[in-house]
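[1] Below are the sequence and a predicted model; questions follow.
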Amino acid sequence: MSDQNVNVLERKPVILIIVTLLVILIGSVVTALLPFFMEGMEVKISTVRPYTALELEGRDIYMREGCNNCHTQTVRPLRDEVLRYGEFSKSGEFAYDHPFLWGSKRTGPDLARIGGKYPDSWHVQHMIDPRSIVKESNMPAYAFMATTPLDPSTIQSKMGALRTVGVPYTDEDISAAPGLLTGKTEMDAMVAYLQVLGTMINKAAVETVVDSALVVPDSTTVADSLNSISVSGVK
Amino acid sequence: MEERYDSWPVKAYTYSMIIWGLASLLYGVVISLQMVYPGLNFGEYFSYGRMRPIHTNGGAFGFGLSGIFALSYYMVPRLAKAPLFLPQLAKINFWLYNLTIAAAVITLHLGFNTTKEYAELEWPIDILVVLFWVFFAVNMLGTIFMKTVDKMYVSLWYVIATILGVAVLYIFNNLAVPASLFKSYSLYAGVNDANVQWWYGHNAVAFVFTTPILAIFFYFFPKVTNLPLYSHRLSIVAFWSLVFMYLWTGAHHLIWTPVPDWLQTVAIAFSLMLIAPSWGSVINGYMTMGNNWEQMKTNYLAKFFILGITFYGLQTLQGPSQAIRSISSLIHYTDWVPGHVHMGTMGWFAMTIMASFYYVIPKIYKTDLYSIKLANTHFWLVFTGQIIYSISMWIAGIMQGAMWKATNPDGSLKYTFQDSITASYVYWDIRAIGGVIFLAGAIIFAYNIFKTIQKGSNASSTPSLKTEGAV
């Protein structure tokens, strides 16, 4: 950059503003905008479906209580993580997650594969009184959920909003939704959500990968196929 | 000379900075104790999951933005040598901003939470944020357009970058479709949502915790030391490379996730390159001291600024190292990360902002600081508190990462997850003590500032005509 150019930037605020904005936008466009148009960013998995009305209510409660502050929802393709939590996370599993709930801190364990790990009654007791199950746990108690009924009046507008952003709810899904929530508590919704987490991928494919640690399942991204190398024991 | 500059916004934001600052620190202490003593989660409205976003948003946007606004309203007209563009708009800006932060606190307690980190506020509040940001931008840019100086000093460059960067990031990360007044769903899903969020999240660090603070540092550091900036050219080179590189680094928060490898690798590479512009600023600060390092003993403000820029330097070495895959696999998701973040926020961010107020408040109230001794006490308390905080969390983080990875000779996991929590309690206790010490330092800061304001107001109420030298 010649001194004359520098002088223009130093003297003319309008030019400085335009150039700064362009410089900010270069990295933004490449790393945040372009990926929307790239295959492999989110590989479709045929078994992944939108959340049911009850699961969606549970997910909204999970967000309301800020569970994401302490629990992640993404299993990294590292040996210990796969041993502890199960199969590492696939991009396509989050196709209907508005927003994503991967989190950034594990003050509690990862929940990406919590579904089906414990019976419903375990979760109910654990939410009511965490320390009755895990003695030295520091999780807050959420006993109020067991006595708080769900409000079925908001579910249709919520599913409608999700349909606007691309979740394929049908008219039948939406009209049937309030009925599915009648008589249910927040605890019912929470447990339904926790029990579906991580269960929508092909179980057989998952088990094969955990066992042989070499087979790349049908739902892979570039990252996944590379990552599976570390599952085989490099890490 | 001084009289042509409107000091109302500076004075007003000083109060909101102190109120939101002390509040967010108090929330920080409470949630740090909740992590050890779960009985301190008093019902759903005061549980950890709802209060942690209030701590982070309160620190960044309550304390931080108040400080940035106050100091920008102080330095931008002076650097442009032009009066504030729209003083009335500055008042609207102030009240709208504080209304927004208050609404943020209340709604987060009520559980209206989008869960996107540092962007948890629901859509009606997002609109208020955009509004007050536009007001701020109009006033700052308007003032800069009316400049009577030939060249713009680098602090103005950083203010401009801050205004543009935050606007672009905040709007695009928060795009959502409302389902009701206080519930919306992100426009983006899954992997793309994660990628956009951390493009935003990491660049909130760039454009709230870095560029405005560099603007402040480059303005006030030469003022308080009475030394000219070492190199204008270096500051300009650092500016362009920083503003260019930061935007590429978001995915380093998503190492080992389903985000494509190329995005992760690009983010890692740019994170490492960011060391250069960051240290460009650090070196510029150190070299400005030249042969005047005795000021570390004689000038309490030099001490604040030099320690601040030193923590910035350490922060910008530690950050890129954390981006590397092998290191990330050990420390990501552990308490190492809060340890890292708080070196930046408590060390660089808070220390630089607070030191600038020690300079500004006596200037605009035409008096001397109430007590330099108390300012020194404040310095040592926040310094000690932050060191205790960061070091305890670095140890805890490495321990947690190592325990999660540890396996028995037969290949099975050695520890349960709860084992890593049980082992962390002592470190979380120590961290809380560090937080209390830091809070004590901040209270002394607030007391010192109030006393100085009182002193200045009493002096000016007596009918003596005081004149102020050019700033």
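    That came in fine, so what should we check first?

[2] okay, CA-based contacts and neighbour counts for the rest of this
    Will do.

[3] Would you mind giving the domain segments of chain A?
    Per the record, chain A has its domains at A:3-37, A:53-234, by automatic domain parsing.

[4] highest average neighbour count across those domains?
    For the domains of chain A, the largest average neighbour count (mean count of other Cα atoms under 10 Å in any protein chain shown) is found in domain A:53-234, namely a mean of 19.

[5] which residues of chain A score low on pLDDT?
    For chain A, the stretches with pLDDT under 70 are A:1-6, A:203-235.

[6] beta partners of residue B:46?
    residue B:42 (DSSP bridges).

[7] now residue B:407
    residue B:413.

[8] Now residue A:196. Nearest residue, chain neighbours left out?
    Spatial nearest neighbour of residue A:196, chain neighbours left out: residue A:115 (4.9 Å); criterion: Cα to Cα, 6 or more residues apart in numbering or on different chains.

[9] again but with residue A:132, I slipped
    residue A:126 (7.1 Å).

[10] picking that back up, to residue B:361, which of the domains of chain A lies closest?
    Comparison of these against residue B:361 by Cα to Cα identifies domain A:3-37 as nearest, at 29.0 Å.

[11] list the contacts for whichever residue of the stretch 201-350 of chain B sits closest to chain A?
    Residue of the stretch 201-350 of chain B nearest chain A, by Cα to the nearest Cα: residue B:333 (4.0 Å). By Cα atoms under 8 Å, 6 or more residues apart in numbering or on different chains, the residues touching residue B:333 are A:104, A:105, A:106.

[12] Bridging across strands, which residues link to it?
    Residues in beta-bridge contact with residue B:333 (DSSP bridges): residue A:105.

[13] what comes into contact with the longest helix anywhere in chain A?
    What stands out as the longest helix in chain A, according to DSSP state H, is helix A:13-28. Residues from elsewhere that reach helix A:13-28 (Cα under 8 Å, 6+ apart): A:8-10, B:144-145, B:157, B:160-161, B:164-165, B:199, B:243-248.

[14] I'd guessed residue B:383 sits against residue B:348; true?
    No: Residue B:383 is not in contact with residue B:348 according to Cα atoms under 8 Å; the separation is 10.4 Å.

[15] between the two, which one's more packed in?
    Set residue B:383 next to residue B:348 and count neighbours by other Cα atoms under 10 Å in any protein chain shown: residue B:348 wins out with 28 against 23.

[16] and the gap between residue B:450 and residue B:443?
    Distance of residue B:450 to residue B:443, given as Cα to Cα, to the nearest Å: 11 Å.

[17] same question, residue B:201
    According to Cα to Cα, residue B:201 and residue B:443 sit 29 Å apart.

[18] circling back to that earlier point, that's a helix at the residue nearest to residue A:132, yeah?
    Yes: membership of residue A:126 in a helix is supported by DSSP: H, G, I helix; E, B strand; the rest coil.

[19] Pretty sure it sits against residue A:138.
    No: checked against Cα under 8 Å, the pair residue A:126 and residue A:138 is beyond contact range at 11.7 Å.

[20] in the stretch 351-471 of chain B, what residue is nearest chain A?
    residue B:405 (5.4 Å).

[21] Up against chain A, what does the stretch 351-471 of chain B have?
    Taking Cα under 8 Å from any Cα of the partner chain as the contact definition, the stretch 351-471 of chain B meets chain A at B:404, B:405, B:406, B:407, B:412, B:413, B:417, B:418, B:421, B:422.

[22] For the closest residue to the second one other than its chain neighbours, list the residues it contacts.
    When the adjacent residues along the chain are set aside, residue B:405 lies closest to residue A:80, with 5.4 Å between them (Cα to Cα, 6+ apart). Contacts were defined as Cα under 8 Å, 6+ apart; by that measure residue A:80 touches B:404, B:405, B:406, B:407, B:413.

[23] and which of those residues is nearest residue B:432?
    Once Cα to Cα is applied, the member of those that ends up nearest residue B:432 is residue B:404, at 23.7 Å.

[24] Buried residues of the helix or strand containing the closest one, list them for me.
    Secondary structure assigned from DSSP states H and E places residue B:404 in helix B:372-405. Buried residues in helix B:372-405, defined by neighbour count with 16 or more other Cα atoms under 10 Å in any protein chain shown: B:374-394, B:396-401, B:403-405.

[25] so what does it touch, helix or strand wise?
    In this structure, helix B:372-405 packs against helix A:79-85, helix B:300-323, helix B:325-331, helix B:336-342, helix B:417-461, with contacts taken as 3 or more Cα pairs under 8 Å, 6 or more residues apart in numbering or on different chains; DSSP states H and E.

[26] average model confidence for the fourth one?
    When pLDDT is averaged over helix B:336-342, the result is 98.

[27] now do the last one
    For helix B:417-461, the mean pLDDT works out to 96.

[28] The third one too?
    This predicted structure assigns helix B:325-331 an average pLDDT of 97.

[29] Now do that helix: everything it contacts.
    B:255, B:256, B:321, B:322, B:337, B:397, B:398, B:401, B:402.

[30] which residues touch the third one?
    When you say that, I think you mean residue B:321. By Cα under 8 Å, 6+ apart, the residues touching residue B:321 are B:272, B:327.

[31] With the second one instead?
    Applying Cα under 8 Å, 6+ apart to residue B:256 gives the contacts A:76, A:77, A:227, B:325, B:329.

[32] sec struct for it, please.
    coil.

[33] Local confidence estimate at it?
    If you check residue B:256, the pLDDT there is 97.

[34] pretty sure residue B:255 is touching residue B:262, no?
    No: counting by Cα under 8 Å, residue B:255 does not reach residue B:262; the two are 10.7 Å apart.

[35] if you skip the residues just before and after it, what's nearest to residue A:57?
    residue A:189 (5.7 Å).

[36] contacts for the helix or strand containing the one you found?
    Secondary structure from DSSP H and E places residue A:189 in helix A:186-196. Helix A:186-196 is contacted by residues A:54-59, A:61-62, A:111, A:114-117, A:120, A:123-124, A:145-150 when judged by Cα under 8 Å, 6+ apart.

[37] and with 10 Å instead?
    Residues from elsewhere that reach helix A:186-196, judged by Cα atoms under 10 Å, 6 or more residues apart in numbering or on different chains: A:51-62, A:111-124, A:127-128, A:142-151, A:181.

[38] go on, stretch B:285-298?
    Contacts for stretch B:285-298 (Cα under 10 Å, 6+ apart): B:217-218, B:221-222, B:225-231, B:235, B:279, B:281-282, B:299, B:301-307, B:309-310.

[39] Go ahead and measure how far that stretch is from the middle of the chain.
    Counting by Cα atoms, centre = their mean, to the nearest Å, stretch B:285-298 is centred 25 Å from the centre of its parent chain.

[40] Span of that stretch from start to end?
    18 Å.

[41] got the buried residues for it?
    B:285, B:288, B:289, B:296.

[42] any chance you could map the strands in chain A?
    Ranges of strands in chain A, per DSSP state E: none exist.

[43] Could you single out the nearest of the residues of the stretch 351-471 of chain B next to chain A to residue B:66?
    The closest of these to residue B:66 turns out to be residue B:421 (Cα to Cα; 36.0 Å).

[44] so that closest one makes contact with residue A:134?
    No: using Cα atoms under 10 Å as the test, residue B:421 is too far from residue A:134 to be in contact (11.1 Å).
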